[in-house]
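> Show me how the following folds:
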Amino acid sequence: MLKYDSPLMEFIRKTADLIILNFIFIVCSIPIITIGAAYTAKSSIAMKIIRNEEAGVFIPYFKAFKENFRQSTFIWLTQLIVIALLIGDFLWIKAKGFENVSLSYKVVLGILSTIILFINMTVYPIVARFEITTKEALKGAMAFSLTHYIKLFLIVCLEVAMVIACIWYFRWLPLVYLFCSTSATYFMCRLLIKEFKKTEESFWQSANMAEEAEENKENQV
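Predicted coordinates for the structure are as follows:
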């Protein structure tokens with residue numbers, strides 16, 4: 001059971017790597033403006049760790065951070081503007097009085113905020129996995145959010161529980177955060193890996209069909 005390649009040791013290695021990965025992500029997110037690139041790199045390495053494709057964390061992380069910095073930072077700055085507008089709406093509701101704002105406005109604002117939250121969770125892993133434009137990444141994140149909103153909602157609940165646990169057990173803050181954030185990262189990546197695999201299989205199937213059609217056309221000529 002304690003052999004290097006045993007399931008127990010593999011689980012311990014992956015858990016340790018994810019804990020280190022979350023710690024690096026926190027450090028790299030301190031400047032705020034780098035959160036997008038930091039989250040993209042975190043998603044990239046976490047998925048590779050779970051798929052047993054990556055050995056090590058530090059060097060691969062900063063390599064991914066550098067490769068996706070420009071696109072991820074642009075997306076993050078755009079999202080900051082959207083987030084600021086949403087916060088402004090919530091502050092306006094608070095100033096006006098919650099009961100004085102129409103129910104339809106509050107419902108629409110709540111749904112819009114949830115969709116944007118889900119897009120924020122998924123757009124950076126998409127950028128990390130695929131070489132696509134920013135527009136395509138946002139469209140993919142929107143589609144992913146609408147088709148997997150229940151699973152994403154459960155992951156958000158886990159992250160909210162993490163925040164509550166960190167406040168409630170403040171003296172154990174580092175341990176509670178590392179446990180909960182590692183768990184959230186794991187479940188999020190498992191969902192992403194599964195769905196990305198379907199997308200990739202569909203892409204290659206379509207590419208093969210197009211290639212076969214082209215060959216048949218050439219043979220007929």
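> Distance of residue 107 relative to residue 28?
Note on residue 107: its distance to residue 28, by Cβ to Cβ, to the nearest Å, is 37 Å. No exception for glycine: its C-beta is placed from N, CA and C like everyone else's.
> which of those two has more neighbours?
residue 28 (18 against 10; other Cβ atoms under 10 Å).
> Figure out the helix or strand that the more buried one lives in.
Residue 28 is part of helix 7-29, with elements assigned from DSSP states H and E.
> Report all helices and strands that that helix contacts.
helix 35-50, helix 58-67, helix 173-220 (3 or more Cβ pairs under 8 Å, 6 or more residues apart in numbering; DSSP states H and E).
> if you average pLDDT over that helix, what comes out?
The predicted model assigns helix 7-29 a mean pLDDT of 83.
> List every C-alpha atom in it, with coordinates, as PDB.
Output of helix 7-29 as PDB, limited to C-alpha atoms (Å, rounded to 0.1, in the frame of the first residue of the first chain):
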ATOM      1  CA  PRO A   7      -3.300   4.200  -5.300                       C
ATOM      2  CA  LEU A   8      -2.800   5.600  -1.800                       C
ATOM      3  CA  MET A   9       0.500   7.200  -2.700                       C
ATOM      4  CA  GLU A  10      -0.900   8.500  -5.900                       C
ATOM      5  CA  PHE A  11      -3.700  10.100  -4.000                       C
ATOM      6  CA  ILE A  12      -1.300  11.700  -1.500                       C
ATOM      7  CA  ARG A  13       0.900  13.000  -4.300                       C
ATOM      8  CA  LYS A  14      -2.100  14.600  -6.200                       C
ATOM      9  CA  THR A  15      -3.500  16.100  -3.000                       C
ATOM     10  CA  ALA A  16      -0.100  17.600  -2.100                       C
ATOM     11  CA  ASP A  17       0.400  19.000  -5.600                       C
ATOM     12  CA  LEU A  18      -3.100  20.500  -5.500                       C
ATOM     13  CA  ILE A  19      -2.400  22.100  -2.100                       C
ATOM     14  CA  ILE A  20       0.900  23.600  -3.400                       C
ATOM     15  CA  LEU A  21      -0.900  24.700  -6.500                       C
ATOM     16  CA  ASN A  22      -3.600  26.600  -4.500                       C
ATOM     17  CA  PHE A  23      -0.900  28.200  -2.400                       C
ATOM     18  CA  ILE A  24       0.900  29.500  -5.500                       C
ATOM     19  CA  PHE A  25      -2.400  30.700  -7.000                       C
ATOM     20  CA  ILE A  26      -3.000  32.800  -3.800                       C
ATOM     21  CA  VAL A  27       0.500  34.400  -4.000                       C
ATOM     22  CA  CYS A  28       0.200  35.200  -7.700                       C
ATOM     23  CA  SER A  29      -3.200  36.700  -7.200                       C
END
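> got any ranges where the chain has weak pLDDT?
Where the chain drops to pLDDT under 70, the residues are 1-6, 54-55, 170, 172-174, 200-221.
> Next SSE downstream of the helix or strand hosting residue 118?
Using DSSP H and E, residue 118 maps to helix 103-129. Later in the chain than helix 103-129, the nearest helix or strand by DSSP H and E is helix 134-147.
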